[in-house]
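Peer 1: Coordinates only, no sequence provided:
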């Protein structure tokens, strides 16, 4: 029925030309698994040291920081972290570098600052600074980074973070390899580690299932189980265990990522782009900046900071400040990009110098505008941060100006020192204290309108315990007493003037202070040994010294002292 095709040679393949097995194996053979470095081999060989060390560090981390963001344990946590790191490096044979002292001291100071302040923004920035400085210290210890520049360091930090994520399962793999090696070394001796782990993994779900079934089968057993569950906070236990395991994996992964040492120490020269492109862009910007800078010099600086007609302080400051701050940051980035990615050119260097000089003028203009705004209105944490950032950008731009003509200038090290030192100073200065002191100055209050006074009170009651020495001190807070230290009285807040202030007025005037008092009192009551904070402790001392409020009433008794009347004749009014 079917006819054979005799024209087809017998040795011809009539099937599609699929790759042969040997050909299929070639790509797999080409993919070579990265070899372990000498450090990763040491980590695996000494798994009991690194595994147990990471486990102890995880327990120590959980004890110090679980639900404890600013306690007295934070400096001990920082010191323990540094000890754990350097002990691990010593076990791997990585020597200590003397120039690491700056990073170590800075990290310790930030850790100490955490237990000295109650400001949440400072606590967040402190932790971020500790994290970045710790990673920079680790890279500096393991690698030869003397000639690294800013792009190289940013790339190294990113690569190290990615490598640490890739090493998340490394502790379990190293544990398995270690016990396998021990089993091969000790022939005839049984290894019970794998069976024990398997038994635990099977026991947990089986035990949970059987417990649920038995609880549904007997009411007495169910009630007993409910009492146990009610007495034991299993959610807290779960959170503590989860945090401990997570920190164990992360700490071991970071040490493994450092041990892989897969970051190239050589710094590639990225200045390959044609400078004519940068010259065109920066030349146009420099002309624009020179025109703007001349206006600032002739009008704002020499013109004694007179406002244009029809402008208020708020509109003038707000209109120019944020734009100038953005331009200053962009100028810093533009100059760095031109220096790192474009070939050297003298014309480009001159133009970048002009842009840097104009940036200095813009920084001064922006700072003056902000000072005008603060003088007219109130001081806030954000405005302090802005002034701090302008000062830092000014110094960074000075270093960039030097780097334009001197490529050997250590710009990254210089920038790290500037930012770190300035921020540590800001952190220990306790901005909330100075905010309260400035906003409660009677001379400043006299310059505010009714809405600005209300806005100031609303902001003051949101400050941290750092502001307690001002807010809860009758010598510095004019809302607490109407008599000054010399007995002459305070004509700004004379609550005893019944023609001007009623009892309801006094209640409204002091409601914000009561909220701050209650918030600070709650912090003190919640404080114990592990989360002891010096700022909250100091605030508690002022709570005891002030004694103007009672926790039994929403707003309690306050002493009303008429102007010119002695304390013995003072009237006491219950503010309900």
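Peer 2: Received it, and whenever you're ready, just let me know what you need. In this text the structure is predicted, and so the values were computed from the model without any measurement.
Peer 1: Spit out the contact partners of the residue nearest the centre of the chain.
Peer 2: For the chain, residue 128 is the residue whose C-alpha lies nearest the centre (C-alpha atoms, centre = their mean; 2.5 Å). By C-beta atoms under 8 Å, 6 or more residues apart in numbering, no residues touch residue 128. For glycine as for every other residue, the C-beta is placed from the backbone atoms N, C-alpha and C.
Peer 1: if I look at it, how far off is residue 444?
Peer 2: When distances are taken as C-beta to C-beta, to the nearest Å, residue 128 and residue 444 turn out to be 32 Å apart.
Peer 1: same deal with residue 461?
Peer 2: The value you get for residue 461 to residue 444, if C-beta to C-beta is used, is 17 Å.
Peer 1: now swap in residue 468 and tell me
Peer 2: Here residue 468 is placed at a distance of 20 Å from residue 444 (C-beta to C-beta).
Peer 1: neighbour count winner among those two?
Peer 2: Under the criterion of other C-beta atoms under 10 Å, the comparison of residue 468 against residue 444 puts residue 468 first, with 28 against 19.
Peer 1: Not counting its neighbours along the chain, what's nearest that one?
Peer 2: Across the structure, with C-beta to C-beta, 6 or more residues apart in numbering as the measure, the residue nearest residue 468 apart from its sequence neighbours is residue 539 (3.4 Å).
Peer 1: Secondary structure element holding that neighbour?
Peer 2: Of the helices and strands defined by DSSP states H and E, residue 539 is found in helix 534-546.
Peer 1: contacting residues around that helix?
Peer 2: Contacts of helix 534-546 from elsewhere in the structure, counted by C-beta under 8 Å, 6+ apart, are 70, 72, 115-118, 430, 464-466, 468-469, 472-474, 480, 517, 520-521, 523-524, 527.
Peer 1: Now the buried members of those residues.
Peer 2: 70, 72, 115-118, 430, 464-466, 468-469, 472-474, 480, 517, 520, 523-524, 527 (16 or more other C-beta atoms under 10 Å).
Peer 1: What is the least confident helix or strand in the chain?
Peer 2: One helix or strand of the chain scores below all others by mean pLDDT, DSSP states H and E: strand 571-574, with a mean of 36.
Peer 1: After whichever helix or strand residue 64 is part of, which helix or strand is next? Please name it.
Peer 2: Counting by DSSP H and E, the element that carries residue 64 is helix 47-65. Along the chain past helix 47-65, the next helix or strand (assigned with DSSP H and E) turns out to be helix 73-92.
Peer 1: Report the angle between that following helix and helix 47-65.
Peer 2: Interaxial angle, helix 73-92 versus helix 47-65 (axes from the mean of the first three to the mean of the last three C-alpha atoms, to 10 degrees): 170 degrees.
Peer 1: From the contact counts, what lies against helix 73-92?
Peer 2: helix 38-45, helix 47-65, helix 101-114, helix 120-142, helix 234-260 (3 or more C-beta pairs under 8 Å, 6 or more residues apart in numbering; DSSP states H and E).
Peer 1: From residue 221, how far out is residue 206?
Peer 2: With distances taken as C-beta to C-beta, residue 206 is found 18 Å from residue 221.
Peer 1: Neighbour count: these two, which is higher?
Peer 2: Taking other C-beta under 10 Å, residue 206 and residue 221 do not tie; residue 221 has more neighbours (13 against 9).
Peer 1: tell me the contacts of that one?
Peer 2: Neighbours of residue 221 in contact, by C-beta under 8 Å, 6+ apart: 214-215.
Peer 1: Let's see that with 10 Å instead.
Peer 2: With contacts taken as C-beta atoms under 10 Å, 6 or more residues apart in numbering, residue 221 has the following neighbours: 211, 214-215.
Peer 1: Just the closest of those residues to residue 409, please.
Peer 2: Sorting those by distance to residue 409 puts residue 211 at the head of the list, at 67.7 Å, by C-beta to C-beta.
Peer 1: host element of that closest one?
Peer 2: Secondary structure assignment for residue 211, by DSSP H and E: helix 193-217.
Peer 1: Name the residues that touch that helix?
Peer 2: Under the criterion C-beta under 10 Å, 6+ apart, external residues in contact with helix 193-217 comprise 172, 175-176, 178-180, 182-183, 192, 221-226, 229.
Peer 1: filter these to the buried ones?
Peer 2: Applying a neighbour-count criterion of 16+ other C-beta under 10 Å, the buried members of the contacts of helix 193-217 are 175, 178.
Peer 1: among the contacts of helix 193-217, which one has the lowest pLDDT?
Peer 2: The member of the contacts of helix 193-217 with the lowest model confidence is residue 192, at 62 (criterion: pLDDT).
Peer 1: Next, the contact list for residue 40, please.
Peer 2: Residues in contact with residue 40, defined by C-beta under 10 Å, 6+ apart, are 34, 92, 167, 170, 174, 255-261.
Peer 1: let's go with 7 Å and repeat that
Peer 2: Contacts here follow C-beta atoms under 7 Å, 6 or more residues apart in numbering; on that basis residue 40 touches 256, 259-260.
Peer 1: if I look at it, how far off is residue 197?
Peer 2: Taken as C-beta to C-beta, the span from residue 40 to residue 197 is 23 Å.
Peer 1: the domain parsing of the protein - what is it?
Peer 2: If the domains of the chain are taken from automatic domain parsing, they occupy 35-268, 275-428, 435-574, with pieces of a single domain joined by a plus sign.
Peer 1: what's the least confident stretch among these?
Peer 2: Across those, the stretch with the lowest average pLDDT is domain 435-574; it has a mean of 70.
Peer 1: hmm, who's touching the strand or helix carrying residue 424?
Peer 2: For residue 424, the element it lies in under DSSP H and E is helix 411-429. When contacts are defined by C-beta under 7 Å, 6+ apart, helix 411-429 is touched by residues 102, 106, 109-110, 113, 117, 122, 126, 129, 133, 148-150, 153, 388, 391-392, 395-396, 399-400, 403.
Peer 1: Distance from whichever strand or helix holds residue 180 to the middle of the chain?
Peer 2: Residue 180 belongs to helix 170-185 when elements are defined using DSSP H and E. With C-alpha atoms, centre = their mean, to the nearest Å as the basis, the distance from the averaged C-alpha position of helix 170-185 to the chain average is 38 Å.
Peer 1: doesn't residue 254 make contact with residue 164?
Peer 2: Yes. Applying C-beta atoms under 7 Å as the test, residue 164 and residue 254 come out as touching, 5.0 Å apart.
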